[in-house]
Every structure is written in C-alpha cells, then in structure tokens.
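below are the sequence and a predicted model for it; my questions follow.
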Amino acid sequence: MSGVALDPKTSPVFPMAAKAALGDTQMRKNVRHATNVIQTKRGRVVGEMPDWQQLREAGKQIRQHTMEHLDFYLEQFEENCTRVGGVVHWARDAEEAKRIVTGLVKASGSDEVIKIKSMTTEEIHLNDALEAAGIHAYETDLAELIIQLGQDQPSHIVVPALHKNRQQIREIFQRKMNLPELGESPQDLADAARMFLREKFLRVKTGVSGANFLIAETGGVCIVESEGNGRMCLTLPETLITIAGIDKVLPRFQDLEVVLQLLPRSATGERMNPYNSIWTGVKEGDGPRAFHVVLMDNARTEILADKEGRQTLNCIRCGACQNVCPVYRQTGGQAYGSVYAGPIGAILTPQLQEMHHAQSLPYASSLCGACYEVCPVKINIPEVLIHLRNKVVKQNTAGIVGLFDVEAGAMKAMAMIFKSERRFRAAQRLGRMAETPLVRKDGRGVGWIGWLPGMLGGWTQVRDLQEMPKETFRDWWEKRRTNGN
Ligand code: SF4
C-alpha cells in the first residue's frame, strides 16, 4: 500500500483527526450516501428472515464456543490442513508474519503477487514489507485497487473505498491506467479494472489471500466475495499463501450454514455472496500446487485472556456496526488512524496494541448501542467500550504517573468531598463564592457561566454552566422544618 499508512502507533488522536475529517464535506457526503444505501439493503434482507434473532444467537454461540476452545480448534485445523497437503506456519506477531510471507513469495520464485482483499494483510502493512523486499503486490478487489492506485488508505472493512465517489474513481483510473477517454458509469469503471487486472491474473504465479473462515474439521479455508477476483486468485496461481488471524477459525463445516447467512446480509445487504470459495489443501492438476497458511496471533491471545474484551474476537468483519454508527458516519474511517474503523475499530485496535496506543478510540462513541443491535454475532460493543475506557483510566493513573494526573486528582478530591456532609456543604459555599465573578445574568436575572479557566474550559467550550442556586434543597428543607412546616 502506498500513501501514509494508517498506523495506530503514529496516527493523531481521534478528536484531532475527527476535527480535520469533519471539514471534508465531499468525503462526508460520500460516506453518508454509501452507508445509507448499504443500510437500506441490509434492512430489507434482514427483515425477510423471521428467525434472524435466532440466527444471531446461533452465530454468537458458535463464535463464543470457538474462542473458549481456540487452542484445540487451531491444532485441529493445522492437523487437517497438513493432511490434505497444506503447510501451516505460526506467526507470533506482525513482523514474523511479514517475514514468513516474504520468504514464501521469494521461495516461489516470483517478484509479484496478486492479492485478494484482506484486512489482516492491511493490519500488518504487508504490501509495504513486500515492496521493501522487491516484490510488487497487485490488489485485485475493485475497491482495494482504487485505494492502491489512488495511494489512499481504506476507510471501511468491507467497502474500503467507500469515501470515494464515481468521479473521483474515474479520475484515478484515467491517471493511473492512462485512459483519458474513460467514462464514469459503473460499467465503464468495472470494464477498465477488468482489463487492467486480466493480464495480471494470467501472468502472476503467486497469490496472497486472507480468509473469512478457517474450518478446523476439514482444514479448509473459506473466502466470500462479490467480484470473482478472489476465485481467480485462488485458482490460477501456482503458489497460494493465505494469512489469517487465529480468531478466524470455525469448528465445523456445518457452522458455515449460520455464518454464511449472517455475513452477506449484514455486510452488503445480499442474501448470499456471489462467490463463496472453499479450498482444502492441494490437488494434482487442479489449482495451486503449493498452499501455505500463516496463522497470526499479533496480540489476539492477549485479547483472549481478557474475559470482558474477549468477545471482540467473535467479530466476522461484516462492517454493519460501521454503517450504523453516528460517529463513523460523520468522520469516515480514516480518522480512526487504523485499518479497523468505526465501533469494531474502537474496540479492536486498542486491544491489538495491547492498550499502548489508540487509547482515544474507546471514547469515539456516543454509546448509543446501535452497533450492538446490528451485530450479527451479538458483540456487546458498548460494554467492551466501557471496559476499555476503564482500562485506559487505570493504566494512565497507575503508579507515580497517576500522582501527577490532574483529572485523577480532581476525581479523588471529589470523592473525598462527597464522602462527608460537612465537606460537601463547605464546598458548596466555596463554589458559590468562586463563581461570582464569572456569572452573567440575562434580562430575567437568570445566571449562567459561559467561560471557565484552565482545563475546566473544556466544558464551557461547547455548553454553558448554570449558576449555582442561592439556596440548596437541604437549606430550604431545614428552614422549612425550623419554621414548623
Ligand atoms: S463487531 Fe459485529 S457488526 Fe461490527 S464488524 Fe464485527 S461482526 Fe460486524
């Protein structure tokens, strides 16, 4: 991938990035339009399923069970994949995964690869690593191709170029494919991409893919897609290298019955994906002669060890939570500074960083719960967001550093005040005195504060503060009792 990579380690914090994104009216219009279209389609196909809630529950149970026995199913997958001729590699982290894939491509004798859309390879910036090793990667998914040619970054996990409109895509294709006369109809653009990619499909001998699901029972790998480019990448190359997070495993072939109903309906509003490819090992005279699977951890076992955060790994990457999120719909995906944007990004990215980076993301939510409502595997995203906020606070207020944290200090002081009636009354009296020079009055004598100094100013930047009442309820009640009422 070219352009500045979305890296949680170096990206600006979400509030800053969001502020900049909000100024891009064209991007916001594109995101709103695209998410509205997908949501309408999703609503229609979900509405025709009388057992949708039972399906969601079944999806949740399958994913939850898998995570509880992940070690067992991963080993079962390895055993069965190896039995049918695949080679399984284990990667502890992104660096190891990149090293393995680069080595495998070189060993295949190729300096080019054709790629199927894969968020896992985006997560580890695989294309940059390949490029550094002298290997050129061609993205073959239409949206990924747009991103790659436009030197852009993905903004959605299912529709990575969702922030671009047709005119912008046409301009990229005209420039990069040298097609000055190119029209802007969907047909024109699809034809141009097809012509551009066909020669690569036929020439390049090594393919790299992600995986939607790994099937432990058979050692098979499943990919769903809409364009047929995936099918080409899986069948034409001599060597196929699949890289997948360890969370992608499913116990049984039969589990596909549930997830392949949930995923397309939630992701693109389709009853089923046009292409559902499942490949299992190698077969003489049919498809790739060498097949490798790289199983990558990259902090997933840390997430698994966290009881509350663990449900994040149940995600089947449908993107429905992104389409419905009021924050994502305003800022678009790139403001999240990670290839995983929206509500799933807000919970997954900081955990993949072991809470060392992307600490602002759990706060990039209004906690409205819309993401939970649409999630096909019932991940309680608001619950995880609150859990992660708690972790962020604990992490930032622990030890010596915590002693100097102003917010934590203020909270401790508040707790002290609220614990004692005497201190509470004194604080009220003090507050009334301190606010006097700041209070402004309207024509009816109603007082408000429109400006506060220092870090308290964050409150008054976006709202006024009401003047404290001259008499508290407690004062009024005591006066009333004293007067014998
Ligand atoms: S969290 Fe749920 S809704 Fe969001 S991408 Fe994952 S499966 Fe889809």
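Cool, got the structure.

can we go C-alpha only for contacts and neighbour counts from here?
Noted.

what about Leu240, which helix or strand?
Using DSSP states H and E, Leu240 sits in strand 239-245.

what's in contact with that strand?
Identification of contacts with strand 239-245 by CA atoms under 8 Å, 6 or more residues apart in numbering yields 101, 104, 108, 120-121, 205-211, 234, 288-298, 300.

point out where the stretch 201-350 of the chain drops to low pLDDT.
For the stretch 201-350 of the chain, no stretch is flagged by pLDDT under 70.

residues in it within reach of the ligand, list them.
Contact residues (CA under 6 Å from any ligand atom) of the stretch 201-350 of the chain with the ligand: Cys315, Ile316, Arg317, Cys318, Gly319, Ala320, Cys321, Ile344.

would the third one count as being in a strand?
So that's Arg317. No: counting by DSSP: H, G, I helix; E, B strand; the rest coil, Arg317 is not found in a strand; it is coil.

now do the contacts for the nearest residue to Tyr336 once chain neighbours are set aside.
Nearest residue to Tyr336, sequence neighbours excluded (CA to CA, 6 or more residues apart in numbering): Phe14, at 5.8 Å. Residues near Phe14 by CA under 8 Å, 6+ apart: Ala335, Tyr336, Gly337, Ser360, Leu361, Ala364.

phi and psi next, for Phe14.
Per-residue torsions, Phe14: phi -60, psi -50 (degrees, to the nearest 10).

among the contacts of strand 239-245, which ones are buried?
101, 104, 120-121, 205-211, 234, 288-298, 300 (16 or more other CA atoms under 10 Å).

and the residue nearest to Gln330 when sequence neighbours are not counted, what helix or strand is that in?
Among residues not flanking Gln330 along the chain, Arg28 sits closest, at 6.1 Å (CA to CA, 6+ apart). Taking DSSP H and E as the definition, one finds Arg28 inside helix 25-47.

can I get the helix or strand that comes right after that helix in PDB, CA atoms only?
Later in the chain than helix 25-47, the nearest helix or strand by DSSP H and E is helix 52-68. The C-alpha trace of helix 52-68 is given here as PDB (Å, rounded to 0.1, in the frame of the first residue of the first chain):
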ATOM      1  CA  TRP A  52     -33.000 -13.500  12.300                       C
ATOM      2  CA  GLN A  53     -32.600 -13.200  16.100                       C
ATOM      3  CA  GLN A  54     -32.200 -17.000  16.500                       C
ATOM      4  CA  LEU A  55     -29.600 -16.900  13.800                       C
ATOM      5  CA  ARG A  56     -27.700 -14.100  15.600                       C
ATOM      6  CA  GLU A  57     -27.800 -16.200  18.800                       C
ATOM      7  CA  ALA A  58     -26.600 -19.200  16.900                       C
ATOM      8  CA  GLY A  59     -23.700 -17.100  15.400                       C
ATOM      9  CA  LYS A  60     -22.800 -15.800  18.900                       C
ATOM     10  CA  GLN A  61     -22.800 -19.300  20.400                       C
ATOM     11  CA  ILE A  62     -20.600 -20.700  17.600                       C
ATOM     12  CA  ARG A  63     -18.100 -17.900  18.000                       C
ATOM     13  CA  GLN A  64     -18.100 -18.000  21.800                       C
ATOM     14  CA  HIS A  65     -17.600 -21.700  21.900                       C
ATOM     15  CA  THR A  66     -14.700 -21.400  19.400                       C
ATOM     16  CA  MET A  67     -12.900 -18.800  21.500                       C
ATOM     17  CA  GLU A  68     -13.300 -20.900  24.600                       C
END
